[in-house]
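**Q** Sequence first, predicted coordinates after that:
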Amino acid sequence: MANRTFIYLKTSAPTVNDDTNAGYKVGDEWLDTTNNLMYKAKNVTAGAAVWAEFGGDTSGGLTVADASVTTGNVTGVEGTLHNLDVSGMTADRDFNLPTPTAAGKRIGVRLSVGDATYALLLKIDAVEWSRIFITGEIVIFVSTGTGAANWAIEQDGRIPCTTKIQNTGAQAIANSTLTVVTLDELDFDNASCADTGNNRITIRRTNRYLAAGGVALDTLAGNAYRVLCRIRINNATYLVASEISGLSGCLPHLDLVGLDELTATQVLNLYVFHNSGSSEDTYVTLTPSHLEIMEIFS
């Protein structure tokens, strides 16, 4: 079985001491959330680790062309790294790959400034491959022939969406009522996926996501009970669910973790249910209610 690699969320760039002694393996990825830059471990020798940046400012031998995207689409130009400020977009815009003139041609797109609402849709032969919207994301394409669809990904510097919302205040949960958990405090959010006004996370890019959540209820005073906790997609489908039962005097705490293919514009909410016989408050002394996502690239 192949060794597993991981994505680590950090607030600075890796150093030579982020090595095998610190638990890192070749192929692990490191996201510097302060500067929105990605690194991959190439060598983890003790005291001499090598982390290569991908998703930064490197042009890769392409001619850099700075531009702003507002009301129009963009067509890629061979031999060019399009360094784009998309903060003024008024809707999603397309970045269209042209029909290549020969094999081996390269085109890159990088976001010098991202956008909190709209995305740049990367299209090959008029079909969306993916989309980017986070400052520092970079994708470089290379042509494999002269057909409109003959573009391959040479460098994938998309930055994983990572978001966590929570609530450190007690919330009253009515008896026998499936209730949306209040999550009105932002913990972290590198991709503007958090919607604390509606207690939810909005998916901005179709991909696989690891979703996690948790809620605890204060000591239940009723008799035997059931407590359910669910992460729901669009207030309908359950991404993941958990259930426990017990006797009065217990402090039920449920944690959820699930992996699923999610689609852009879908929303996730955390729900809880109990039937203790009376209204119960969420318990926040040790663990606040929370919901979080991490985007997973293949």
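**A** It's in.

**Q** Report how many residues lie close to the closest residue in space to residue 76 that isn't next to it in sequence.
**A** Using Cβ to Cβ, 6 or more residues apart in numbering and skipping the chain neighbours, the partner closest in space to residue 76 is residue 107 (4.1 Å). From N, CA and C alone the C-beta is placed, and that goes for glycine too. Using other Cβ atoms under 10 Å, residue 107 has 24 other residues around it.

**Q** Specify the beta-bridge partners of residue 107.
**A** For residue 107, the beta-bridge partners are residue 80, residue 141 (DSSP bridges).

**Q** and it, what does it touch?
**A** 62, 76-82, 97-98, 140-141, 151 (Cβ atoms under 8 Å, 6 or more residues apart in numbering).

**Q** tally of neighbours for residue 271?
**A** Residue 271: 18 neighbours (other Cβ under 10 Å).

**Q** and the next element down the chain from the one helix or strand it maps to?
**A** According to DSSP states H and E, residue 271 maps onto strand 267-274. On the C-terminal side of strand 267-274, the closest following helix or strand by DSSP H and E is strand 280-281.

**Q** Summarise which helices and strands that following strand is packed against.
**A** Secondary structure elements in contact with strand 280-281, counted by 3 or more Cβ pairs under 8 Å, 6 or more residues apart in numbering; DSSP states H and E, are strand 172-173.

**Q** Following element in sequence after the strand it packs on, please.
**A** Counting by DSSP H and E, the element after strand 172-173 in chain order, helix or strand, is strand 179-180.

**Q** ok, and what's touching that next one?
**A** Applying Cβ under 8 Å, 6+ apart, the external contacts of strand 179-180 come out as 173, 199, 269-273.

**Q** what lines up beside that strand in the sheet?
**A** Strand 179-180 has these strand partners (DSSP bridges): strand 267-274 (antiparallel).

**Q** Make sure residue 86 is actually in contact with residue 116.
**A** No: contact status for residue 86 versus residue 116: not in contact, 10.4 Å apart, counting by Cβ atoms under 8 Å.

**Q** roughly how far is stretch 201-220 from the heart of the chain?
**A** For stretch 201-220, the separation from the chain centroid amounts to 12 Å (computed by Cα atoms, centre = their mean, to the nearest Å).

**Q** What residues of it count as buried?
**A** Of the residues in stretch 201-220, 201-205, 207, 209-217, 220 count as buried by neighbour count, 16 or more other Cβ atoms under 10 Å.

**Q** Same check on stretch 106-114?
**A** Neighbour counts using 16+ other Cβ under 10 Å place 106-112, 114 of stretch 106-114 among the buried residues.

**Q** Check stretch 164-175 too.
**A** With burial defined by 16+ other Cβ under 10 Å, the residues of stretch 164-175 counted as buried are 164-167, 170-171, 173.

**Q** nearest to residue 156, of those residues?
**A** Among the buried residues of stretch 164-175, residue 164 lies closest to residue 156 (Cβ to Cβ), at 24.2 Å.

**Q** Give the rounded mean pLDDT of stretch 171-185.
**A** Here stretch 171-185 scores 95 as its mean pLDDT.
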